[in-house]
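Chemist: Provided below are the primary sequence and the corresponding predicted coordinates.
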Amino acid sequence: MGKVLTFGIAKEITGGGVVDVPFENGITAGGLRTLLQSTYPRLKELKSFALAVNGEYAVADQLINDTDEIAIIPPVSGG
Amino acid sequence: MGKVLTFGIAKEITGGGVVDVPFENGITAGGLRTLLQSTYPRLKELKSFALAVNGEYAVADQLINDTDEIAIIPPVSGG
Amino acid sequence: MLMNGDNKSVSMTDIRISDLPLNIQSCIDWVQSPESGGIDVFLGTVRNATKGRKVQHLEFEAYEPMAIAEMKKIADAVIAKWPVNKILIYHRTGKLAVGEIPVIIAVAAAHRGAAFDACRYAIDTLKETVPIWKKEVFEDGEVWVAAHP
Amino acid sequence: MLMNGDNKSVSMTDIRISDLPLNIQSCIDWVQSPESGGIDVFLGTVRNATKGRKVQHLEFEAYEPMAIAEMKKIADAVIAKWPVNKILIYHRTGKLAVGEIPVIIAVAAAHRGAAFDACRYAIDTLKETVPIWKKEVFEDGEVWVAAHP
């Protein structure tokens, strides 16, 4: 179980700025992404979304622990 | 005989902001350019210079009258 | 003054996220220096319409620590790629009315080519990588920009 | 309001030569409009050195009526080539100290690509065609820039 920060449309889809997600320590970023999509199916409607771990974009095979700061990054639109 | 406006280094070379130049009506811009170079040989040391007639860059075969506003345009360096 | 690469890079860059209006003149004053011959400044401005739909206002949200880090990466890449003297990147958050300025990027360089290239790279990259999100609010609804295909 | 092509072009452009300092914020305010999503601003600044030689100040001289006409041609070309909303070109004359701003070009457009391209075209062309001359004054002499090979 870990906390996941959400922003923009992901915050609306998940219903909160921080959500609890039941993942095991050592899950990959790719695995967590799939878990998030099955927990919140509307994430699949997005053009794309990335995960950030400790403030950096995560790569798919990166391992994640519940002490990491994890965030869902929907398509960015600054500027 | 007509008046020629001068700017920048051309003003220094010719010794004045407006100089009298003894040309005949109907001289071409190219002809006036040659006349100016023989009157003020230091103009030949410039990287280039153009003539303007009535506020427009002149082409070489353009005919000039003493009622035209004529100017020597040394290499520009605005900005 | 002794400076290592990192300190030098820090003194050449000013990166900020704020919910307050940006003072353009102050931004320009900061990047200007006697060594620079040209400054390119890009200002984003809130348009009144998107695809013919009238925009009432925008709302910007940032994942601030990561957004600052990504903006710093952009500034560092600019300094590595072009001979520029200073780069400033400010982005606003919160509610912005039509005509307000969500982003300003200012780049000063000895020669203008580097300033233009670096400024354009910076805004193009910011729009691709920096975790900031914009919601367009219309009379009859709202849309998170670029969220859906 | 009825407008023909010429009047429209005039209302989209602000061209000026002045021996007074330029107010950057006013320039930006003038080009900004609710239809624009981006503004690119180029500022020329007086550098403190040329080829290692210390500059004391610059002096700018213009053949004013022709310079204004050439600057208008640039603005008209910009409007013909790119979808921009407004373009402003100001150039100073007279004596300018290091750090002062001889030229400002500001271009507003719906999308940033046009603003960048147009602004860069405008300053590049200004430096080639507009009859304005710059003298660099050093401690021990002075040089009309670009005059000699």
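Modeler: Done, it's in. Numbering: from 1, shown residues only, chains lettered A, B, ... in the order given.

Chemist: For chain A, which segments count as strands?
Modeler: Secondary structure of chain A (DSSP state E): strands at A:2-6, A:18-21, A:27-28, A:50-53, A:56-57, A:63-64, A:70-73.

Chemist: and those strands, which is most packed in?
Modeler: Among these, strand A:70-73 has the highest mean neighbour count (mean count of other Cβ atoms under 10 Å in any protein chain shown), at a mean of 24. The way it works is simple: take the backbone N, C-alpha and C, and place the C-beta from them, glycine included.

Chemist: Relative to residue B:11, which of the strands of chain A is closest?
Modeler: strand A:56-57 (60.5 Å; Cβ to Cβ).

Chemist: Take the strands of chain A and lay them out in TSV including mean pLDDT and distance to chain C.
Modeler: Formatted as TSV, the strands of chain A follow (pLDDT from 0 to 100; distance: least, Cβ to the nearest Cβ, whole Å):
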stretch	mean pLDDT	distance to chain C
strand A:2-6	97	7
strand A:18-21	96	12
strand A:27-28	98	20
strand A:50-53	98	6
strand A:56-57	98	8
strand A:63-64	97	16
strand A:70-73	98	5
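
Chemist: With distance to residue D:39 as added columns, please give the ones you listed in TSV.
Modeler: Output for the strands of chain A, formatted as TSV (distance: least, Cβ to Cβ, whole Å):
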stretch	distance to residue D:39
strand A:2-6	33
strand A:18-21	37
strand A:27-28	44
strand A:50-53	30
strand A:56-57	30
strand A:63-64	42
strand A:70-73	28
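
Chemist: Relative to residue C:131, which of those is closest?
Modeler: Nearest to residue C:131 among those is strand A:70-73; the distance by Cβ to Cβ comes to 5.3 Å.

Chemist: What is the neighbour count of the residue in chain A that chain B sits nearest to?
Modeler: With Cβ to the nearest Cβ as the measure, residue A:79 is the residue of chain A nearest to chain B, at 28.2 Å. Residues lying near residue A:79 (other Cβ atoms under 10 Å in any protein chain shown) number 22.

Chemist: what's near enough to touch it?
Modeler: Contact analysis of residue A:79 by Cβ atoms under 8 Å, 6 or more residues apart in numbering or on different chains lists C:44, C:91, C:102-103, C:123, C:126-127, C:132, C:134.

Chemist: from those residues, which are also near chain A?
Modeler: Near chain A, taking Cβ under 8 Å from any Cβ of the partner chain as the test, the members of those found are C:44, C:91, C:102-103, C:123, C:126-127, C:132, C:134.

Chemist: What about those residues, which are in strands?
Modeler: Those of the ones next to chain A among the contacts of residue A:79 mapping onto strands are C:44, C:91, C:103, C:132, C:134, per DSSP E.

Chemist: what about stretch C:91-98, how long is it end to end?
Modeler: This stretch, stretch C:91-98, spans 16 Å end to end (Cα to Cα, to the nearest Å).

Chemist: Stretch C:30-48 now?
Modeler: Length of stretch C:30-48, first residue to last, Cα to Cα: 30 Å.

Chemist: so can I have a markdown table of the ones in strands among the ones next to chain A among the contacts of residue A:79 showing distance to residue A:12 and pLDDT?
Modeler: As requested, these are exported to a markdown table (distance: Cβ to Cβ, whole Å; pLDDT from 0 to 100):
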| residue | distance to residue A:12 | pLDDT |
| --- | --- | --- |
| C:44 | 24 | 97 |
| C:91 | 21 | 98 |
| C:103 | 23 | 98 |
| C:132 | 16 | 98 |
| C:134 | 14 | 97 |
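
Chemist: out of those, who's nearest residue C:36?
Modeler: Residue C:36 lies nearest to residue C:103 out of these, by Cβ to Cβ, at 21.2 Å.

Chemist: nearest spatial neighbour of the residue of chain A closest to chain B, skipping sequence neighbours?
Modeler: Closest residue to residue A:79 apart from its sequence neighbours, by Cβ to Cβ, 6 or more residues apart in numbering or on different chains: residue C:127 at 4.5 Å.

Chemist: picking that back up, chain D: which of the strands of chain A is closest?
Modeler: With Cβ to the nearest Cβ as the criterion, chain D lies closest to strand A:70-73 of those, at 22.8 Å.

Chemist: if I look at residue A:47, how far off is residue C:100?
Modeler: Residue A:47 sits 26 Å away from residue C:100, going by Cβ to Cβ, to the nearest Å.

Chemist: which of the two has more neighbours?
Modeler: Between residue A:47 and residue C:100, counting by other Cβ under 10 Å, residue C:100 is the more crowded of the two (16 against 10).

Chemist: Looking at the more buried one now. What's its pLDDT?
Modeler: Residue C:100 is assigned a predicted lDDT (pLDDT) of 95.

Chemist: same deal with residue C:50?
Modeler: Residue C:50 is assigned 87 on the pLDDT scale.

Chemist: Tell me the bridge partners for it.
Modeler: When bridges are called by DSSP bridges, residue C:50 pairs up with residue C:53.

Chemist: Residue in chain A with the shortest distance to chain D?
Modeler: Closest contact between chain A and chain D, by Cβ to the nearest Cβ, is at residue A:79 (8.2 Å).

Chemist: Any chance of the strands of chain A in a markdown table with distance to chain D as columns?
Modeler: Shown next, in a markdown table, are the strands of chain A (distance: least, Cβ to the nearest Cβ, whole Å):
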| stretch | distance to chain D |
| --- | --- |
| strand A:2-6 | 27 |
| strand A:18-21 | 33 |
| strand A:27-28 | 37 |
| strand A:50-53 | 24 |
| strand A:56-57 | 24 |
| strand A:63-64 | 36 |
| strand A:70-73 | 23 |
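
Chemist: so which of the ones you listed gets nearest residue B:28?
Modeler: With respect to residue B:28, and counting by Cβ to Cβ, the nearest of those is strand A:56-57 at 67.2 Å.

Chemist: Near chain A, which residues of chain C are found?
Modeler: Residues of chain C found near chain A (Cβ under 8 Å from any Cβ) are C:44, C:60-63, C:65-67, C:69, C:91, C:102-103, C:123, C:126-135, C:144-149.

Chemist: Which stretches in the chain count as helices?
Modeler: As the question left the chain open, I've gone with chain A. Ranges of helices within chain A are A:8-14, A:29-39, based on DSSP state H.

Chemist: Chain C, not that one
Modeler: Ranges of helices within chain C are C:5-12, C:24-31, C:64-81, C:112-129, based on DSSP H.

Chemist: can you tell if the second one touches chain D?
Modeler: Yes - in this structure, helix C:24-31 sits against chain D according to Cβ under 8 Å from any Cβ; the contacting residues are C:24-25, C:28.

Chemist: which helices and strands does that helix pack with?
Modeler: When contacts are defined as 3 or more Cβ pairs under 8 Å, 6 or more residues apart in numbering or on different chains; DSSP states H and E, helix C:24-31 sits against strand C:38-44, strand C:84-92, strand C:103-109, helix D:24-31.

Chemist: list the buried ones in that helix?
Modeler: Under the neighbour-count criterion of 16 or more other Cβ atoms under 10 Å in any protein chain shown, helix C:24-31 has C:24, C:27-28, C:31 buried.

Chemist: Residue C:84 is nearest to which of the helices of chain A?
Modeler: Of all the helices of chain A, helix A:8-14 sits nearest to residue C:84, with 31.3 Å by Cβ to Cβ.
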